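1. curious how this folds, go ahead:
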Amino acid sequence: MEINHEINRLLHFALQQGLMQSADTIYAANRLLDCLQAAEFVPEVIAETLATADPVLEQMLRYAVRAGILEDTASTRDLFDTRLMDCLMPRPSEVAARFQAEYEKSPVQATDWYYHFSIASNYIRQARIAKNIGWKVPTEYGELDVTINLSKPEKDPRDIARARRESCTSYPKCLLCRENEGFAGNLSRPARQTHRLIPLQLNGRPWYLQYSPYTYYNEHCIILNQNHIPMRITRETFANLAAFVDLFPHYFAGSNADLPIVGGSILTHDHYQGGRYTFAMERAPIEKKYVFRGFENVEAGRVCWPMSVLRLRTPDKQRLIVLADKILHCWRGYSDAAVEILAETDGAPHNTITPIARRRDNMYEFDLVLRNNRTTKQHPLGIFHPHEEVHHIKKENIGLIEVLGLAILPARLKREMAVVRAALLQGIPDIREQEGAAIHADWYQAVLAAHPVITENNVDEILRQEIGQVFLTVLEHAGVFKRTAAGLQAFDHFVTAVSAE
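-> Down below sits the predicted model:
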């Protein structure tokens, strides 16, 4: 009867959270019996209130392991608990219809419902996201957000070995394709049986809305093209971003750049990201105003930010899109060798834009972040990419989320910073021989020199602030026009070039 009780608990949770109706109880119970290879279901009265399904799922996973139904690895557990939750899920058409009904009341009510639904279904794994370590760091550009990402479990060697033996397919083509909706997953692909997409129309074309399973900020959503086509920043991108914030004026929307190094992790599927969060870059003020010839009705200026950002504001959406496209077109072909900016080498393009869109009452606002992915022998990973001296903290691409002021740092830093912390408290002068922390040796000595008094009371705050300062340096490295007199003058020259076109 142990598993019968857990089935009743999970059904009770699903009813409380609105995942199903009471008329669905027997049907859902029988599906759970099949998954758990149990013989019968006996209804029970459950009085408890659960915030998430995790406690029940954990009991079911333990039962499945003991019964020999499941091998106890991280990947197989994820595949199995998603299968269990799918027993409680409504059909995609039902979810889309409910979202539309809520949207007719208000866009905010629709996204509130959909976000809660995505958490209740365990599609968004809140318990794992809660493991992330996050803090804010005050800088001259405002408070930056820093996160050490601990929400994705490490691969078990047994899963890696089994995945090699499994036959691989190209279905779905990528993690963003709509074919992921309901996909059972395997050891190489995550289960998506609890995944439900919301159909959208952006400028007459089919797109979909979903939330990220590992949200990096509040209501972190993904807007994906129905078709599996490569990302490309064009005039249509600006029109789509503006159309999205028309539909959801309480969200921002932005796109990763469309070139390697400065782009995001998935460039093969056209998509944007958005959400309900105010990043440091959004709060950053305009430090110098510009007027673009022919677009005098568009407020424009350079944002006080470590990267190179133009902000455009106007109630006239179409003029905003036209000006953004003009800036993009000019930047695509713009070179200034004095500041290491070349539009192309050997036919390979280097210039692109990371665009962000917002609504502010009747105003549309675009932030256009100028990007360049050129490499040299001195900087083989990119001139405008984190340089080698900061790779001990951040080596990965600087995508949309980092551009906005949120550092997503690797999980290894948790254990490495524990070693660094202990060394700082002991006053060890050099950690080059410290296992797991040698890559931080130069930075460690700088931290030690900058803080002559390090105690249990202040060591954690010192590490948080110093890591945040490294992230600020990362953003400065990614800025194409450096924040020097020469760099800002070069920025002005580019603006003049746009007006001259």
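
2. give me the nearest residue to residue 293, chain neighbours excluded.
-> Spatially, and ignoring its direct neighbours in sequence, residue 293 is nearest to residue 499 (4.2 Å; C-beta to C-beta, 6 or more residues apart in numbering). (C-beta placed from N, C-alpha, C; glycine too.)

3. neighbours around that neighbour, how many?
-> Look at residue 499: counted by other C-beta atoms under 10 Å, it has 14 neighbours.

4. same check on residue 314?
-> If you count neighbours by other C-beta under 10 Å, residue 314 ends up with 19.

5. again with the one 3 residues further on
-> The number of residues packed near residue 317 is 18, by other C-beta under 10 Å.

6. please determine how far it is located from residue 248.
-> Residue 317 sits 15 Å away from residue 248, going by C-beta to C-beta, to the nearest Å.

7. doesn't residue 56 belong to a strand?
-> No: counting by DSSP: H, G, I helix; E, B strand; the rest coil, residue 56 is not found in a strand; it is helix.

8. and the closest residue to residue 479 other than its chain neighbours, how many neighbours does it have?
-> Counting by C-beta to C-beta, 6+ apart, residue 479 lies nearest to residue 307, which is 4.3 Å off, once chain neighbours are set aside. Using other C-beta under 10 Å, residue 307 has 27 other residues around it.

9. and for residue 373?
-> Neighbours of residue 373 (other C-beta under 10 Å): 21.

10. cool, residue 121 as well?
-> Other residues lying near residue 121 total 23 when counted by other C-beta under 10 Å.

11. show the pLDDT at it.
-> Residue 121 is assigned a pLDDT of 97 by the prediction.

12. and it, what does it touch?
-> Contact analysis of residue 121 by C-beta atoms under 8 Å, 6 or more residues apart in numbering lists 19, 85, 88-89, 194, 196.

13. next up, identify which helix or strand residue 50 is on.
-> Assigned by DSSP states H and E, residue 50 belongs to neither a helix nor a strand.

14. can you tell me the element the residue lying closest to it once chain neighbours are set aside falls in?
-> Of all residues not flanking residue 50 in the chain, residue 13 sits nearest, at 4.9 Å (C-beta to C-beta, 6+ apart). Using DSSP H and E, residue 13 maps to helix 2-17.

15. roughly how far apart are residue 249 and residue 355?
-> According to C-beta to C-beta, residue 249 and residue 355 sit 17 Å apart.

16. what do you get for residue 175?
-> 22 Å.

17. before we move on, what about residue 282?
-> Remark: distance between residue 282 and residue 355 (C-beta to C-beta) = 13 Å.

18. between those two, which one's more packed in?
-> residue 355 (23 against 18).

19. three-state assignment of that one?
-> strand.

20. who does it form a beta bridge with?
-> On the basis of DSSP bridges, residue 355 is bridged to residue 368.

21. so of the contacts of residue 121, which ones are in strands?
-> Using DSSP state E, no member of the contacts of residue 121 falls in strands.

22. in the stretch 151-300 of the chain, which spans are strands?
-> 198-202, 205-211, 221-225, 252-254, 271-275, 286-290, 299-303 (DSSP state E, counting those that start in this stretch).

23. from start to finish, how long is stretch 375-394 in a straight line?
-> 18 Å (C-alpha to C-alpha, to the nearest Å).

24. in that stretch, what counts as buried?
-> Buried residues in stretch 375-394, defined by neighbour count with 16 or more other C-beta atoms under 10 Å: 375, 379, 382-387, 390, 392-394.

25. any weak-confidence spans in this protein?
-> Within the chain, the stretches with pLDDT under 70 are 1, 153-168.

26. re earlier: can you say which of the strands of the stretch 151-300 of the chain is packed in most?
-> Mean neighbours per residue, mean count of other C-beta atoms under 10 Å, is largest over these for strand 252-254, with a mean of 26.

27. give me the helices and strands touching that strand, please.
-> With contacts defined as 3 or more C-beta pairs under 8 Å, 6 or more residues apart in numbering; DSSP states H and E, strand 252-254 has these neighbours: helix 235-247, strand 271-275, strand 351-360.

28. neighbouring strands - and their directions - for it?
-> Looking at strand 252-254 with DSSP bridges, its partner strands are strand 271-275 (antiparallel), strand 351-360 (antiparallel).

29. so which of these comes closest to residue 61?
-> Checking the strands paired with strand 252-254 against residue 61 by C-beta to C-beta gives strand 271-275 as the closest, at 30.6 Å.

30. can you map out the helices along the stretch 251-400 of the chain?
-> For the stretch 251-400 of the chain, helices defined by DSSP state H, counting those that start in this stretch occupy the ranges 280-283, 317-332, 400-403.

31. any idea which helix or strand comes after the last one?
-> What it means is helix 400-403. strand 406-409.

32. residues in contact with that next one?
-> Strand 406-409 is contacted by residues 144-149, 216-217, 279-280, 393-394, 396, 401-402, 467-468, 471, 474 when judged by C-beta under 8 Å, 6+ apart.

33. tell me where the stretch 1-150 of the chain has helices.
-> Counting by DSSP H, counting those that start in this stretch, the helices of the stretch 1-150 of the chain are 2-17, 25-36, 54-66, 74-86, 92-105, 107-120, 126-129.

34. possible to save those helices as CSV with distance to residue 339 and mean neighbour count?
-> Formatted as CSV, the helices of the stretch 1-150 of the chain follow (distance: least, C-beta to C-beta, whole Å; neighbours: other C-beta atoms under 10 Å):
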stretch, distance to residue 339, mean neighbour count
helix 2-17, 54, 20
helix 25-36, 60, 17
helix 54-66, 51, 18
helix 74-86, 47, 21
helix 92-105, 47, 15
helix 107-120, 42, 19
helix 126-129, 40, 16
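
35. nearest to residue 287, of those helices?
-> Residue 287 lies closest to helix 107-120 among these, at 32.5 Å (C-beta to C-beta).

36. C-alpha coordinates for the closest one, CSV please?
-> C-alpha atoms of helix 107-120 as CSV (Å, rounded to 0.1, in the frame of the first residue of the first chain):
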residue,chain,number,x,y,z
PRO,A,107,-1.6,39.3,-20.7
VAL,A,108,-0.3,39.4,-17.2
GLN,A,109,-2.9,37.0,-16.0
ALA,A,110,-2.1,34.6,-18.9
THR,A,111,1.6,34.5,-18.2
ASP,A,112,1.0,34.2,-14.4
TRP,A,113,-1.1,31.2,-15.0
TYR,A,114,1.2,29.6,-17.6
TYR,A,115,4.3,30.2,-15.4
HIS,A,116,2.6,28.6,-12.4
PHE,A,117,1.4,25.7,-14.5
SER,A,118,5.0,25.1,-15.8
ILE,A,119,6.3,25.0,-12.2
ALA,A,120,3.5,22.8,-10.9
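
37. what angle do it and helix 235-247 make?
-> Put simply, helix 107-120 runs at 100 degrees to helix 235-247, going by axes from the mean of the first three to the mean of the last three C-alpha atoms, to 10 degrees.

38. center of the protein - which residue?
-> Compute the mean C-alpha point of the chain, and by C-alpha atoms, centre = their mean the closest residue is residue 216, 5.2 Å away.

39. rewinding a little: how about the helices of the stretch 1-150 of the chain, which one is nearest residue 333?
-> helix 107-120 (38.4 Å).

40. in the lengthiest helix in the chain, what's buried?
-> Longest helix in the chain by number of residues (criterion: DSSP state H): helix 459-478. Using 16+ other C-beta under 10 Å as the test for burial, helix 459-478 gives 459, 462-478.
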